[in-house]
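Undergrad: here you go, sequence then predicted model.
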Amino acid sequence: MQELIMFLPEYSITSKTLKNIAIIEYGKAIIENTTILPSWESQLKKEASIRRIHGSLQIMGINIETQKIKESVENITKPVNQEISNTTKAVFLIDEISKNNEIEEVDLKYIHKTLTEGIIPRIKQGSYRINKMLGKTNPEEILAHVVQLFDWNNSLDAKDTHPIVTSAIIKGYLEVVKPFEELNDISSNLLTYIVLKTSGYGFKNFISLEGYFKNTKTEYEEQINHLDLEELDFTRFIEYFSEGLASEVSTTSHNVKLLAKDTKIAKATGRIRLTPRQERIVEYLQDYGIMQNKDFPRLFPDISEDTVLRDLKTLLDMDIIQKTGSTKSSRYQMK
């Protein structure tokens, strides 16, 4: 067995990486300091979660309409398969695990167990692989490699490293080690969000990197293959990772600025604070375009129709939504 020494990643901060980090920092400031309607914040978070789920399912080879994922996330319909249910639960673990001050090896196992529950034998859920993989860590050394990675992440050395660099290193190292028999890429993706979030780079949960990894699959595989357990140099992978994150953060910050400029949103946030029910109505209209009286019981099962109608009237008076038709045939939509 190879003798392991303390994990100290090798890398150089290139001008390309510095440029990407500058873009990320600028976008982060916009995302965190720009005021938008709470319902828009909820919408951006939900869209990012759906993209994370959809992208993860595509990695599994499962192609499903985003609308079905959206309905499942909102509990409008039941998940159509176990993979959707598991992936949704795993994505929402990000916030749960991020509440801890330190990320531990057990968190990685917890993510994998959640992803694979009911899909593979229970004994393999959250368990490291026992079969050899060409060019990857030998099974008997996986635990030691993973533990030393988390020890480094919780060390002063990692704390003094820029969170974008740290996240890239952890993502790349896990892909080289391949600790599980399956779903290593999805597990490492979700852990990467947690590393970012615990370091103050959660971007309000507005971002998703799965699309970037999918659209650059060839380069992604080349960058992973470029890493070598014997001579690990993360320079190129940090460039690749930070470029994708910079693109996603830049696009997201641009969308946030557009929402802030919307006169209806500015009017609502500047003068009147919407109630949770009113925010939910706006969020529903953003998702589905139209609301009718028949939708009331599904959205607000414990609220009377008259109460919902009063909320709709408030939104109409604020010029945020518009109404067509009358009585039971009324249709409401964003203006």
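TA: Arrived safely, thanks for sending. Residues are numbered from 1 along each chain as shown.

Undergrad: isn't residue 227 right up against residue 171?
TA: No: using C-beta atoms under 8 Å, residue 227 makes no contact with residue 171, being 10.7 Å away. From N, CA and C alone the C-beta is placed, and that goes for glycine too.

Undergrad: those two: who's more crowded?
TA: More crowded of residue 227 and residue 171, by other C-beta atoms under 10 Å: residue 171, with 24 against 17.

Undergrad: show me what contacts the more buried one?
TA: Under the criterion of C-beta atoms under 8 Å, 6 or more residues apart in numbering, the neighbours of residue 171 are 188-189, 191-192, 237, 241.

Undergrad: cutoff 10 Å now
TA: Going by C-beta atoms under 10 Å, 6 or more residues apart in numbering, residue 171 touches 185, 188-189, 191-193, 195-196, 209, 213, 224, 234, 237-238, 241.

Undergrad: of the residues you listed - the most surrounded one?
TA: Compared across these, residue 238 has the highest neighbour count, 29 neighbours, by other C-beta under 10 Å.

Undergrad: leaving out the residues flanking it, which one is nearest to residue 232?
TA: Nearest non-adjacent residue to residue 232, counting by C-beta to C-beta, 6 or more residues apart in numbering: residue 10, 5.9 Å away.

Undergrad: in the sheet, who's paired with the one you found?
TA: residue 233 (DSSP bridges).

Undergrad: what pLDDT does it get?
TA: What the model reports as pLDDT for residue 10 is 93.

Undergrad: how about residue 307?
TA: Looking at residue 307, its pLDDT reads 93.

Undergrad: and for the one 5 residues further on?
TA: The model reports residue 312 with a pLDDT of 92.

Undergrad: tell me the helix or strand right after the helix or strand containing it.
TA: Secondary-structure element containing residue 312, defined by DSSP states H and E: helix 305-317. Scanning forward in sequence from helix 305-317 by DSSP H and E, the next helix or strand is strand 321-324.

Undergrad: buried ones in that next one?
TA: residue 321 (16 or more other C-beta atoms under 10 Å).

Undergrad: ditto for stretch 78-88
TA: Residues of stretch 78-88 classed as buried: 79, 83-88 (neighbour count, 16+ other C-beta under 10 Å).

Undergrad: and it, how far out from the chain's middle?
TA: Mean C-alpha position of stretch 78-88 versus that of the full chain (C-alpha atoms, centre = their mean, to the nearest Å) differs by 16 Å.

Undergrad: alpha carbons only: can I get that stretch in PDB?
TA: Only the C-alpha atoms of stretch 78-88 are listed here, as PDB (Å, rounded to 0.1, in the frame of the first residue of the first chain):
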ATOM      1  CA  LYS A  78     -45.300  13.000  -7.100                       C
ATOM      2  CA  PRO A  79     -41.800  12.300  -8.600                       C
ATOM      3  CA  VAL A  80     -42.100  10.000 -11.600                       C
ATOM      4  CA  ASN A  81     -39.200   7.800 -10.500                       C
ATOM      5  CA  GLN A  82     -36.900   7.200  -7.600                       C
ATOM      6  CA  GLU A  83     -34.000   9.000  -9.200                       C
ATOM      7  CA  ILE A  84     -35.900  12.300  -9.300                       C
ATOM      8  CA  SER A  85     -37.000  11.900  -5.700                       C
ATOM      9  CA  ASN A  86     -33.400  11.100  -4.500                       C
ATOM     10  CA  THR A  87     -31.700  13.800  -6.600                       C
ATOM     11  CA  THR A  88     -34.200  16.400  -5.300                       C
END
